[in-house]
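# With the input below, show me the fold.
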Amino acid sequence: MANANKLTLFIVIFMLAGILSGAVIHSYASPGVVTAWADNITLLTDIFLRLIKMVIAPLVFSTLTVGIMRLGETSTIGRVGGKAMIWFISSSILSILVGLFVVSLEQPGSGLNLAIPQEATDTGLAVGGMSLKGFLTHTIPTSIAEAMANNEILQIVVFSMFFGIGGASLGEKFNAPLVAALDVVSHIMLKVTGYVMYVAPLAIFAAISSVISTQGLGILLNYASFIGGYYVAILLTCLVLLAVGYIMLKKEVFRLMSMLKDPVLVAFTTSSSEAAYPKTLEQLTKFGCSPNIVSFVLPIGYSFNLVGSMVYCSFASMFIAQAYNIHLSFAEITVLMLTLMLASKGIAGVPRSALVVLAATIPSFNIPVAGILLLMGIDHFLDMGRSAINVLGNGIATAMLAQNEGLLEEEPELVEREA
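Numbering: from 1, shown residues only. All right, here's what the predicted structure looks like:
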């Protein structure tokens, strides 16, 4: 936690330094110096982006495979797991639609008019002549080694799903050693990702300084617009989740909200849904959910039910496209959102996981990956809302599944007091 706070402090300091240096250069330097500064300082951002891409393939493969193989194969697990996945996918789609609605209405990136970098990153998905046949063909890897070498995130996800399902079918007796080994790999990659994030303050300084030196301080108004619109989308998503929860739980959803306020607050203030996990587990059990349901659904939800990340990914990807004046068709937006949804599954706990997903996905749609650096300086403030709504979403999902399975007691605390 201390290291996370230090990193946040350094990010804020270097962000402010980037703003100051960019403003000074924009105001006092000659056009030639401004151009030279903006072009050369981005070397730091290029290094950071290459480091991020370095960890994507092994991280996605190990975390997603382990998550699937741990589902098991008994009938009860299959039934509850199936219901959970249906809800997780449904809630992801709802969250994406809310984010798209708000960002399309507000248009926070319009007016930035950023120039597309000369060295554009292309990971192979030809969106110019996009067709359903071409997309479906592209999702199936001919070689997992080639997919990993090219950071084809969707192909890696597809292979990981087949690999995980095949491993789970062998049973715990046979797959336990592989699960343990891949779990170690995932933890190693998480550690490596943590190391890479130490370069983030320098990358943020370079990105912001470069943009402000060429665009001026007026660009900061777009940041305020982005944060405001993003939190409107977060609040709307909360209302949608509560409405669905009310359908299943009736007035009990308000008692659940009251009991989850502490873990939600922990997640918000620490920018970490993982920090709230123990308290969430405890409060759901006190609410009346069967411990078996809670211990099974909640961990899966932490990997697959990232509603806050879905709001962010849809909002941020369209913001970056707007900033670079890239106009996507309805079909392209649909495929982009589907890809973001699939790519986000299984990487909960990754530092700045939503940024990692964006970095892995948007280049396939000819959206410059450098655009995510525009958001890294304020990502901590965005992550607070992301983490809080992730906890709320997982709490509501677990309670609804317990109710559906007939494993939810009504106000067990009152029953204990009366006894």
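
# Just say helix, strand or coil for A360.
helix (DSSP: H, G, I helix; E, B strand; the rest coil).

# now stretch 311-324, how far from the centre of its chain.
Here stretch 311-324 shows a centroid-to-chain-centroid distance of 13 Å under the convention Cα atoms, centre = their mean, to the nearest Å.

# Would you mark the buried spots in that stretch?
Within stretch 311-324, the residues scored as buried using 16 or more other Cβ atoms under 10 Å are 311-324. To be clear about C-beta, it is placed using only N, CA and C from the backbone, and glycine gets the same treatment.

# any idea of the pLDDT on the most centrally placed residue in the chain?
The centroid of the chain falls nearest to A354 when counting by Cα atoms, centre = their mean (2.9 Å). Predicted confidence (pLDDT) for A354: 75.

# Could you say which helix or strand holds it?
For A354, the host element (DSSP states H and E) is helix 353-361.

# now, among the buried residues of stretch 311-324, which is nearest to M341?
C313 (8.0 Å; Cβ to Cβ).

# Near the closest residue to that closest one other than its chain neighbours, how many other residues are there?
Nearest residue to C313 in three dimensions, chain neighbours excluded: L340, at 4.4 Å (Cβ to Cβ, 6 or more residues apart in numbering). Using other Cβ atoms under 10 Å, L340 is surrounded by 27 other residues.

# May I see the buried residues of stretch 311-324 arranged in JSON lines, with distance to K250 and pLDDT as well?
JSON lines is the format used below for the buried residues of stretch 311-324 (distance: Cβ to Cβ, whole Å; pLDDT from 0 to 100):
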{"residue": "V311", "distance to K250": "26", "pLDDT": "90"}
{"residue": "Y312", "distance to K250": "31", "pLDDT": "89"}
{"residue": "C313", "distance to K250": "32", "pLDDT": "87"}
{"residue": "S314", "distance to K250": "30", "pLDDT": "89"}
{"residue": "F315", "distance to K250": "31", "pLDDT": "90"}
{"residue": "A316", "distance to K250": "35", "pLDDT": "89"}
{"residue": "S317", "distance to K250": "36", "pLDDT": "89"}
{"residue": "M318", "distance to K250": "36", "pLDDT": "90"}
{"residue": "F319", "distance to K250": "38", "pLDDT": "89"}
{"residue": "I320", "distance to K250": "41", "pLDDT": "88"}
{"residue": "A321", "distance to K250": "41", "pLDDT": "88"}
{"residue": "Q322", "distance to K250": "41", "pLDDT": "88"}
{"residue": "A323", "distance to K250": "44", "pLDDT": "84"}
{"residue": "Y324", "distance to K250": "47", "pLDDT": "86"}
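
# any low-confidence regions in the stretch 101-250 of the chain?
Within the stretch 101-250 of the chain, the stretches with pLDDT under 70 are 111, 113-115, 117-136, 138, 153-154, 219, 222.

# show me where it has helices.
Ranges of helices in the stretch 101-250 of the chain, per DSSP state H, counting those that start in this stretch, are 132-139, 144-149, 153-169, 172-197, 200-215, 220-249.

# With distance to S21 added, can I get those in CSV?
Putting the helices of the stretch 101-250 of the chain into CSV (distance: least, Cβ to Cβ, whole Å) gives the following:
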stretch, distance to S21
helix 132-139, 42
helix 144-149, 37
helix 153-169, 34
helix 172-197, 22
helix 200-215, 5
helix 220-249, 14
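
# Quick one: closest of these to I333.
It's helix 132-139; of these, that one is closest to I333 (Cβ to Cβ) at 13.1 Å.

# how near is G245 to I372?
Going from G245 to I372 by Cβ to Cβ, to the nearest Å gives 32 Å.

# neighbour count winner among these two?
I372 (26 against 23).

# can you pull the contacts of that one?
By Cβ atoms under 8 Å, 6 or more residues apart in numbering, the residues touching I372 are 316, 320, 355, 358-359, 362.

# Rebuild those as TSV, extending it with distance to R79.
Below are the contacts of I372 laid out as TSV (distance: Cβ to Cβ, whole Å):
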residue	distance to R79
A316	36
I320	40
L355	35
L358	34
A359	36
I362	36
